[in-house]
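# Predicted structure and sequence below. I'll ask about it afterward.
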Amino acid sequence: MRDRQEFRFFVVLFRASPGLATAWWLLLLLRGAMPALLAVATGVLVASVRDGESLSAPLTFVGVVFVLFQVLTPLQQAVSANLGAVAGDWMNDRLMVATVSPPGMGHLESSELADDLGV
């Protein structure tokens, strides 16, 4: 499994910025749970209306879930953009270190390495 490109991608994200990667995963999980949470909140509200109970708590619950549902998408987009930029910079830094660390230019003239470094 560790040889899969998807796994390597997520490892790179975490190595580039552990905090942003963790925030990205948390936002992803929250966004995945929001539709179910909105359905539960709506069910609680409908049950309160049916039973003639106070609507203040269920309406507050629905409102909070709805606002979170609307706020999480742009928040995750911003975190994704920042994480992508940080990961790109991290990979470019690693590439730079890999190409200039051996003394001389001989290692850069290898045809196999030139194919690997091509963009």
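Okay, I see it.

# where exactly do the helices run in this protein?
Assigned by DSSP state H, the helices in the chain fall at 5-16, 18-51, 56-100, 111-117.

# Make JSON lines from those helices and add mean neighbour count and mean pLDDT to it.
Bear in mind the C-beta positions are built from the backbone N, C-alpha and C, glycine included. Formatted as JSON lines, the helices of the chain follow (neighbours: other C-beta atoms under 10 Å; pLDDT from 0 to 100):
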{"stretch": "helix 5-16", "mean neighbour count": "13", "mean pLDDT": "86"}
{"stretch": "helix 18-51", "mean neighbour count": "14", "mean pLDDT": "95"}
{"stretch": "helix 56-100", "mean neighbour count": "14", "mean pLDDT": "92"}
{"stretch": "helix 111-117", "mean neighbour count": "10", "mean pLDDT": "68"}
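
# Tell me how far the residue nearest the centre of the chain lies from residue 51.
For the chain, residue 24 is the residue whose C-alpha lies nearest the centre (C-alpha atoms, centre = their mean; 2.9 Å). Distance, residue 24 to residue 51, by C-beta to C-beta, to the nearest Å: 41 Å.

# nearest residue to residue 22 other than its sequence neighbours?
Spatial nearest neighbour of residue 22, chain neighbours left out: residue 14 (7.9 Å); criterion: C-beta to C-beta, 6 or more residues apart in numbering.

# So the one you found is in contact with residue 23, correct?
No: when contacts are counted by C-beta atoms under 8 Å, residue 14 is not listed as touching residue 23 (11.4 Å).
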